[in-house]
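Participant: Requesting a structural model of the entry that follows:
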Amino acid sequence: MRGIGYFLGATLGAALLFFIISYIFFKPRKVNSNEINKFIDDSKKILINNPIPFWSEYKGDDKRLGGSSLNKMTYFSNRNMSYVRGVTYTYFSKEMNKYVKTYTISEGGGFNSVLLEFGDENKDKTQWPDMYFYYNKTQNADLTYGTIDKPLPILHFRSADPALRSMRQNNKDSDPAYLKENYTENVKLYLEYFIEKEDFKKLFPD
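Facilitator: As a prediction, this is how the structure comes out:
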């Protein structure tokens, strides 16, 4: 019985310690709806019609370019999972004249290949029209953004013609309400987990 007691005590103690450590170090930043709406309201869209370079074209150039994934630990969070995953793609945008990094957080993986289909210079525009990037104007005006080390975040991209948007089949991708919901969730998770502390303070000094 004593051995069972030691085992249960050690197990419960370890779980409690793990919970405390997770709560202190891995809990998301508190973000309210006003901050999310402010970020979105301060956003602007730009038409992207230059081909987006394929990841293979970057081989040997710089490992910071191309596709990647970012995992943020979030044990015991309200997402009921151990991490939040962001799929990213970094390249130099001719329209923005700076390095940008697209984020797909709320939708999970699989969007990088779709992003490149939109950027293919030989694409069928009836299937893959040009796209819009949505960027935050305050971040864009911040001269610390736009370098290869700190690309400008792009949290939402969509077809220039919603009726032709073909990222996935048989869903609501041309529905403005769905697109706004997806954008809002991406912004929320970005502000909670991915933006650096000092950059968050720049956006929301109060």
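Participant: going forward, measure contacts and count neighbours with C-alpha atoms only.
Facilitator: Fine.
Participant: what sits up against the helix or strand where residue 201 lies?
Facilitator: If you go by DSSP states H and E, residue 201 is part of helix 197-203. Helix 197-203 is touched from outside by 39, 138, 139, 191, with contacts defined as CA atoms under 8 Å, 6 or more residues apart in numbering.
Participant: Taking those, tell me the two that lie furthest apart.
Facilitator: Pairwise distances across the contacts of helix 197-203 peak at 14.3 Å for 138 and 191 (criterion: CA to CA).
Participant: So between those two, which is more surrounded?
Facilitator: The residue with more neighbours, out of residue 138 and residue 191, is residue 191; 22 against 12, by other CA atoms under 10 Å.
Participant: Longest strand of the chain, counting residues only.
Facilitator: Counting by DSSP state E, the longest strand found in the chain is strand 83-93.
Participant: Can you give the strand pairings for that one, parallel or anti for each?
Facilitator: Here strand 83-93 has these sheet partners by DSSP bridges: strand 66-73 (antiparallel), strand 98-104 (antiparallel).
Participant: pLDDT of the last one, averaged?
Facilitator: Just to be clear, that refers to strand 98-104. Strand 98-104 carries an average pLDDT of 93.
Participant: got the contact list for it?
Facilitator: 86-93, 111, 146-148, 150-156, 186.
Participant: out of these, which are buried?
Facilitator: Using 16 or more other CA atoms under 10 Å as the burial test, those include 86-93, 111, 146, 148, 151-156, 186 as buried.
Participant: Please pull up the helix or strand immediately following the helix or strand bottoming out on mean pLDDT in the chain.
Facilitator: Least confident element among the helices and strands of the chain, by mean pLDDT, DSSP states H and E: helix 2-25 (a mean of 50). Using DSSP H and E, the helix or strand that directly follows helix 2-25 along the chain is helix 33-41.
Participant: so the helix or strand following that following helix versus strand 83-93, what angle?
Facilitator: Using DSSP H and E, the helix or strand that follows helix 33-41 towards the C-terminus is strand 43-48. Between the axes of strand 43-48 and strand 83-93, defined by axes from the mean of the first three to the mean of the last three CA atoms, to 10 degrees, the angle is 50 degrees.
Participant: per-residue confidence for residue 81?
Facilitator: 51.
Participant: hmm, I was thinking of residue 163
Facilitator: 59.
Participant: And the chain, split by domain according to the record?
Facilitator: 1-28, 31-203 (automatic domain parsing).
Participant: among those, which gets the worst mean confidence?
Facilitator: Across the domains of the chain, domain 1-28 gives the lowest mean pLDDT, at a mean of 51.
Participant: neighbours of the closest residue to residue 30 other than its chain neighbours, just the number please.
Facilitator: Counting by CA to CA, 6 or more residues apart in numbering, residue 30 lies nearest to residue 192, which is 6.5 Å off, once chain neighbours are set aside. If you count neighbours by other CA under 10 Å, residue 192 ends up with 17.
Participant: A helix includes residue 192, no?
Facilitator: Yes - per DSSP: H, G, I helix; E, B strand; the rest coil, residue 192 lies within a helix segment.
Participant: I am finished for the moment; much appreciated.
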